[in-house]
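Chemist: sequence first, predicted coordinates after that:
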Amino acid sequence: MRPASFLLFPLMLAACSGGPVEEAVDPVEDATLAEPSHIITPTDFASLTFGGTVQGPLGPEVEASLIVDETALGDIASRVQCPDGVDPCDPETAEEGTIYTYIHEVRPGFDGPNDPPFPMPEQVQPVESASSFGLSFPAHGFTGVAGYSVYDAEDVLADGFNASISCADGRITWSFPEESGWSTGETITFFWQSTQPPTGPEGEYRFVADGLEATGPGPMPSEGGEIAAVCE
């Protein structure tokens, strides 16, 4: 089980020494969405390399519950990391142009220990089919690069199903067909990249499963920076 700690809280990665550096990665195949103008071609999380993690008052990670009506529908653990070669990852000293990767591990129908002051629901509801995960706030500084762990998806989803990613009004959403079978206890790692460092765990993340919508806290980028045109 992940340690409970608290965070103040990569396609294109920036290295603090010498400015932004592009690093080629392989996009995930077969992403499909109803609105082509809002499609984000997924990047495989395994293709990314990282430096240090942003450290907050209680540590490098935000542990919280995804809650609906005082019941946990899932668990979310989030962190923000710098590009490879940048360690420690300190937004106060990072060079301009640094790309921050926001990472979220989401597990339906499960609820591990939370960081204070986040509430710990007494009940956890099993999940038969999770259908989406996303941001409830504008992804300030979003570079257009987002994805998930293909290894996770292949391990937990039914054959032939992948996540699709869309972005509208600055909000990123990962979607799954109901038949994909993402269910209780099955973790998938999601990520997105921003030019903006985290300001703290004030961001609200949405999780939809079995017709219910739960929310939970996580790192939110500071305001500023352009949001990728795909989100318009």
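Modeler: Yep, it's here. Numbers count the residues shown, from 1 in each chain.
Chemist: residues in contact with Phe137?
Modeler: 170-171, 203-204, 220 (Cβ atoms under 8 Å, 6 or more residues apart in numbering). In this view, the C-beta of every residue, glycine as well, is placed from N, C-alpha and C.
Chemist: widest-spaced pair of the residues you listed?
Modeler: Taking Cβ to Cβ, the two most distant members of these are Gly170 and Glu204; they sit 13.6 Å apart.
Chemist: so where's the protein shaky on pLDDT?
Modeler: Under the criterion of pLDDT under 70, the regions of the chain flagged as low confidence span 1-37, 57-58.
Chemist: can you map out the helices along it?
Modeler: Applying DSSP state H to the chain gives helices spanning 150-156.
Chemist: save the contacts of Phe137 as TSV, and put in distance to Cys231 and neighbour count too.
Modeler: TSV is the format used below for those (distance: Cβ to Cβ, whole Å; neighbours: other Cβ atoms under 10 Å):
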residue	distance to Cys231	neighbour count
Gly170	5	15
Arg171	7	17
Gly203	16	22
Glu204	17	13
Met220	16	24
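Chemist: just the closest of these to Glu63, please.
Modeler: Closest to Glu63 out of the contacts of Phe137 is Gly203 (14.5 Å), distances taken as Cβ to Cβ.
Chemist: wait, that closest one touches Pro217, no?
Modeler: Yes - under the criterion of Cβ atoms under 8 Å, Gly203 is in contact with Pro217, at a separation of 6.7 Å.
Chemist: pretty sure Cys94 contacts Pro197?
Modeler: No Cys there; residue 94 is Ala. Yes - because the distance of 7.2 Å satisfies Cβ under 8 Å, Ala94 is recorded as touching Pro197.
Chemist: specify the beta-bridge partners of the closest residue in space to Gln123 that isn't next to it in sequence.
Modeler: Beyond its immediate neighbours in the sequence, the residue positioned closest to Gln123 (Cβ to Cβ, 6 or more residues apart in numbering) is Thr71, lying 4.6 Å away. Following DSSP bridges, Thr71 is listed with bridge partners Val68, Gln123.
Chemist: next one: the one 10 residues further on
Modeler: Following DSSP bridges, Gln81 is listed with bridge partners Thr53, Thr101.
Chemist: mind listing what the residue nearest to Val208 when sequence neighbours are not counted touches?
Modeler: Distances taken as Cβ to Cβ, 6+ apart place Ser132 nearest to Val208, at 4.5 Å, with adjacent residues excluded. Going by Cβ under 8 Å, 6+ apart, Ser132 touches 173-176, 206-208.
Chemist: which residues does Ser132 form beta bridges with?
Modeler: What pairs with Ser132, by the bridge criterion (DSSP bridges), is Ser175, Val208.
Chemist: again, but for the one 10 residues further on
Modeler: Beta-bridge partners for Phe142, by DSSP bridges, are Ser194.
Chemist: I'd like the numbering to begin with 453 instead of 1 from here.
Modeler: In the new count, where the first residue is 453, that last one comes out as Phe594.
Chemist: wait, it sits on Trp644?
Modeler: Yes - proximity of Phe594 to Trp644 meets the contact threshold set by Cβ under 8 Å, at 6.4 Å.
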